[in-house]
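**Student:** For reference, the sequence and a predicted model appear below.
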Amino acid sequence: MLLNYLRFIRSILAWFLISPGLLFAAPQDIIFWHSMAGQLGQEVMQLAQQFNQSQKDYRIVPIYKGDYVESLTSFAAAFRAQNPPQLIQVFEVGSSVMRFPKGIVKPVDILMHEQGIVFPKERFFNAVRENYSENGKLLAMPFNVSVPVLFYNAEVLEKMGVTSQTFPRTWDELELLAKRLHETGFSCAYTTAYPAWVLIESFLALHGLTTKKNAQSVIASVERMQRWQSQHYFVYGGRGDDATVLFTSGKCPLFSQSSGGYAGLKALVHFRVGVAPLPIDEKVSPIRHNNVVGGAALWVVVGQSPQVDRGIAQFLVFLANPSTQQSWYEHTGYLPLEMHLEQPKKTYPQSILQIAEFDLNNDKDRLSSSDPEPKNQIRSINEQMLEAIFSGMMGMKEAMENAVIRTQHVLLRFKKNTNLPV
């Protein structure tokens, strides 16, 4: 009897050794490439850890792959080598690169349908959802969402009697404020980060315009900045976020930048930072339309096993959870995906959420991503054009014509490379 019992125990132990995965299966790794460095990278790691600890079947593995352009370049090489990540963060102007040619990504709506999951995309800000949709189908998961806003030195403006309630809402009103600031001794009233994003892309969006049909409105807007520059109301601070120092140093009290820059600006300055929506030009459009959506989204790469797809779907559901959105919003400064959160707002100003509601939730605007364009390259061309204009290297007409020729070239090359009709 004892001998039979010992044999039984040995057989059980042998089964454990031969088939340990049947009882103690390791979690399925899901490789997630991202472009968040520094503190933002730590927040991405924290999100992954929270999800990994919430269940035992999957493990999100975040890997920093450089800035957006570097990551996208690495992804193209990895995809050709048939060794891409399962999930990748791509900035908003890189969407067409992920969508064309077809067969690179699995749309989020299809992923959720396959997994039998009802995804809460209808709760998202309208402009955010539409920006990453095609024919009503969500293609990518909005991740770090932002909108261009106008930050201001609240202490300087309060001395002039300007508050959040009386802050300019149009470019004409802002010009009057810039004039007053100049008269009080400021050699610069206004500057902007990401000039092409703010002065061209956002201007077009807020006024319900398209580049092809409304080039003259854009020209008039840039000419206004040229005039402001000559009047010492505006200072061109460079491409990207190079102009930030003009605001944080106190030189320019008005500064347009991504709403996601609030936390960083607040940590750098010795004065209170106010925030307001970007102004509109009522002569161009008396109606305010949805603003452009900044930031990036997460794209699901095709060709994964059903198990990996299931894990990715669960991770995206986790990210869309209001409590996750609340934490992300408060710790990073990026906007939540929806206006109504479960918890009270704490460390981040309610005004940012109000601006998002103001600028991203017009359900009459349908900002679809269906137009296939290499917007990342077009933005770069526009940045170079604006720099040439504000530096005096080119006149307006020459710079605009140069930008049009270069844009037509990259559009033609993009369509040929992606087999789109020319």
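**Tutor:** Done, it's in.
**Student:** Domains in the chain, by residue range?
**Tutor:** 27-146+294-360, 148-291+370-417 (automatic domain parsing).
**Student:** Make CSV from those domains and add mean pLDDT and mean neighbour count to it.
**Tutor:** Yep, even glycine has a C-beta here, placed from its N, CA and C like the rest. Shown next, in CSV, are the domains of the chain (pLDDT from 0 to 100; neighbours: other C-beta atoms under 10 Å):
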stretch, mean pLDDT, mean neighbour count
domain 27-146+294-360, 92, 18
domain 148-291+370-417, 94, 18
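**Student:** which residue ranges form the helices in the stretch 201-350 of the chain?
**Tutor:** Ranges of helices within the stretch 201-350 of the chain are 203-206, 215-230, 244-248, 262-268, 306-320, 322-332, 350-360, based on DSSP state H, counting those that start in this stretch.
**Student:** all strands of the chain, in order?
**Tutor:** For the chain, strands defined by DSSP state E occupy the ranges 28-34, 58-64, 87-91, 105-106, 133-134, 137-138, 141-146, 148-153, 190-192, 254-258, 273-277, 294-301.
**Student:** Could you export those strands as a markdown table, including distance to Gly392?
**Tutor:** Output for the strands of the chain, formatted as a markdown table (distance: least, C-beta to C-beta, whole Å):
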| stretch | distance to Gly392 |
| --- | --- |
| strand 28-34 | 39 |
| strand 58-64 | 39 |
| strand 87-91 | 30 |
| strand 105-106 | 43 |
| strand 133-134 | 42 |
| strand 137-138 | 45 |
| strand 141-146 | 31 |
| strand 148-153 | 26 |
| strand 190-192 | 17 |
| strand 254-258 | 22 |
| strand 273-277 | 30 |
| strand 294-301 | 29 |
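**Student:** With Arg227 as the reference, name the closest of the ones you listed.
**Tutor:** Arg227 lies closest to strand 190-192 among the strands of the chain, at 12.3 Å (C-beta to C-beta).
**Student:** what's next to that closest one, contact-wise?
**Tutor:** With C-beta atoms under 8 Å, 6 or more residues apart in numbering as the test, strand 190-192 has contacts from 174, 178, 198-199, 228, 233-237, 243, 246-247, 252, 254-257.
**Student:** Could you verify my assumption that Glu173 touches Pro279?
**Tutor:** Yes: judged on C-beta atoms under 8 Å, Glu173 makes contact with Pro279 at a distance of 6.9 Å.
**Student:** Pick out the residue nearest the middle of this structure.
**Tutor:** Nearest residue to the geometric centre of the chain (C-alpha atoms, centre = their mean): Gly295, 0.8 Å.
**Student:** give me the beta-bridge partners of that residue?
**Tutor:** Per DSSP bridges, residues listed as beta-bridge partners of Gly295: Val145.
**Student:** Quick one: residues contacting it.
**Tutor:** Gly295 touches 91-92, 142-146, 258, 260, 334-335, counting by C-beta under 8 Å, 6+ apart.
**Student:** Export the residues you listed as TSV, with columns for distance to Glu401.
**Tutor:** Output for those, formatted as TSV (distance: C-beta to C-beta, whole Å):
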residue	distance to Glu401
Phe91	28
Glu92	27
Pro142	36
Phe143	37
Asn144	36
Val145	35
Ser146	32
Ser258	30
Gly260	34
Tyr334	37
Leu335	37
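**Student:** with those residues in mind, which one is nearest to Pro85?
**Tutor:** Distance from Pro85 was checked for each of the contacts of Gly295 by C-beta to C-beta. The minimum falls on Phe143, at 14.4 Å.
**Student:** list the contacts for the closest one?
**Tutor:** The contact partners of Phe143, by C-beta under 8 Å, 6+ apart, come to 89, 295-298, 319.
**Student:** gap between the two ends of stretch 98-107?
**Tutor:** 11 Å (C-alpha to C-alpha, to the nearest Å).
**Student:** Just the residues contacting that stretch, thanks.
**Tutor:** Contacts of stretch 98-107 from elsewhere in the structure, counted by C-beta under 8 Å, 6+ apart, are 79, 90, 134, 137-140, 299-302, 304, 309, 369, 372, 414, 418-420.
**Student:** repeat that for 10 Å
**Tutor:** By C-beta atoms under 10 Å, 6 or more residues apart in numbering, the residues outside stretch 98-107 that reach it are 72, 75-76, 79, 84, 87-88, 90, 95, 97, 111, 113-114, 132-134, 137-140, 297, 299-304, 309, 312, 369-370, 372-374, 414-415, 417-420.
**Student:** and what of stretch 215-225?
**Tutor:** Applying C-beta under 10 Å, 6+ apart, the external contacts of stretch 215-225 come out as 171-172, 175, 190, 192, 195, 199-201, 203-204, 207, 209, 211, 214, 233-234, 236, 281, 283-285, 382, 385-386, 389-390, 396-397, 399-400, 404.
**Student:** if we go to 8 Å?
**Tutor:** By C-beta under 8 Å, 6+ apart, the list of residues contacting stretch 215-225 from outside reads 171, 175, 199-200, 203-204, 207, 209, 211, 234, 236, 281, 284, 386, 389-390, 396, 400.
**Student:** same deal with stretch 378-391?
**Tutor:** Contact with stretch 378-391 is made by 93, 195-197, 199-201, 222, 225-226, 229, 236, 238-240, 393-396, 399-400, 402-403, 406-407, 410, as judged by C-beta under 8 Å, 6+ apart.
**Student:** Tell me the gap between stretch 161-169 and the middle of its chain.
**Tutor:** Relative to its parent chain, stretch 161-169 has a centroid offset of 27 Å by C-alpha atoms, centre = their mean, to the nearest Å.
**Student:** Stretch 293-312 now?
**Tutor:** For stretch 293-312, the distance to the chain centre is 17 Å (C-alpha atoms, centre = their mean).
**Student:** Now the terminal residues of that stretch, how far apart.
**Tutor:** Using C-alpha to C-alpha, the end-to-end distance of stretch 293-312 comes out at 24 Å.
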